[in-house]
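# Fold the following for me, if possible:
(chains A and B)
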2 protein chains.
Amino acid sequence: MPEFMDMHTGMSGITEDALAEAHAADVAIQGEENVTFKHAWADPETGTVFCLSEAPDAGAVNRIHERAGHPADRVFEVPVQA
Amino acid sequence: MPEFMDMHTGMSGITEDALAEAHAADVAIQGEENVTFKHAWADPETGTVFCLSEAPDAGAVNRIHERAGHPADRVFEVPVQA
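So this is what the prediction gives:
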């Protein structure tokens, strides 16, 4: 299954609780599109959040994030890793 | 030790070998600034690369990447995770 890194902006000041809540909202519905969100990293200073996931395609990642209330700015497929 | 996600652009068409080589160049000198590069994810389509690291500060991440020949476009400290 392909892996994706997606990016959100505009989340300045994001807290542990807020990120945990957003991540839980994704996880609650991710199965409906066979997406698995693995980890999220957030920078409260710039409001930037990165999410790593496995999914059939970028559209599925986008749709789950949108339905969970926090659409991604960009979704990158990341087939090359080290 | 703080964690960082940094981003590179302009690496369209990056291959497994090229990413492994870039990562090895970082790892070879990272100890000199107490940086540990943990993982790199690359999207050959857009030429975007994400690197996760542990480091004393963003400057150390930047300097190692620069000396290894691939300066990061941006370095984000990511203290909030889920």
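
# Count the residues that sit near A:E45.
Using other Cβ atoms under 10 Å in any protein chain shown, A:E45 has 13 other residues around it. (C-beta placed from N, C-alpha, C; glycine too.)

# isn't there a helix covering it?
No - using DSSP: H, G, I helix; E, B strand; the rest coil, the secondary structure at A:E45 is coil, not a helix.

# Now the phi/psi pair for it, please.
phi -60, psi -50 (degrees, to the nearest 10).

# Leaving out the residues flanking it, which one is nearest to it?
Take A:E45 and drop its neighbours on the chain: the residue closest to it by Cβ to Cβ, 6 or more residues apart in numbering or on different chains is B:E77, 6.9 Å away.

# who's the one you found bridged to?
Note on B:E77: beta-bridge partners by DSSP bridges are B:F4.

# And for the one 4 residues further on?
In this structure, B:Q81 bridges to A:W41 when assessed by DSSP bridges.

# I'd assumed A:L19 was in contact with it.
Yes - with contact defined as Cβ atoms under 8 Å, B:Q81 reaches A:L19; the gap is 7.2 Å.

# Show me the common contact partners of the two, please.
Here B:Q81 and A:L19 share the contacting residues A:40, A:42, scored by Cβ atoms under 8 Å, 6 or more residues apart in numbering or on different chains.

# The two: who's more crowded?
Neighbours per residue (other Cβ under 10 Å) separate B:Q81 from A:L19, with A:L19 holding more: 20 against 15.

# contacting residues around that one?
Each residue near A:L19 by Cβ under 8 Å, 6+ apart is listed here: A:40, A:42, A:49, B:80-82.

# mind listing what the residue nearest to the spatial centre of chain A touches?
Centroid check for chain A by Cα atoms, centre = their mean gives A:C51 as the closest residue, at 3.8 Å. Taking Cβ under 8 Å, 6+ apart as the criterion, A:C51 is in contact with A:5-6, A:8, A:26, A:37, A:39-41, A:61, A:65, A:72.

# same thing with A:M11?
Applying Cβ under 8 Å, 6+ apart, the residues near A:M11 are A:18, A:42, A:44, A:47-49, A:70.

# likewise A:H23?
Contacts of A:H23 (Cβ under 8 Å, 6+ apart): A:37, A:40, B:82.

# From the residues you listed, pick the one nearest B:E33.
Set against B:E33, the nearest of the contacts of A:H23 by Cβ to Cβ is A:A40 (26.6 Å).
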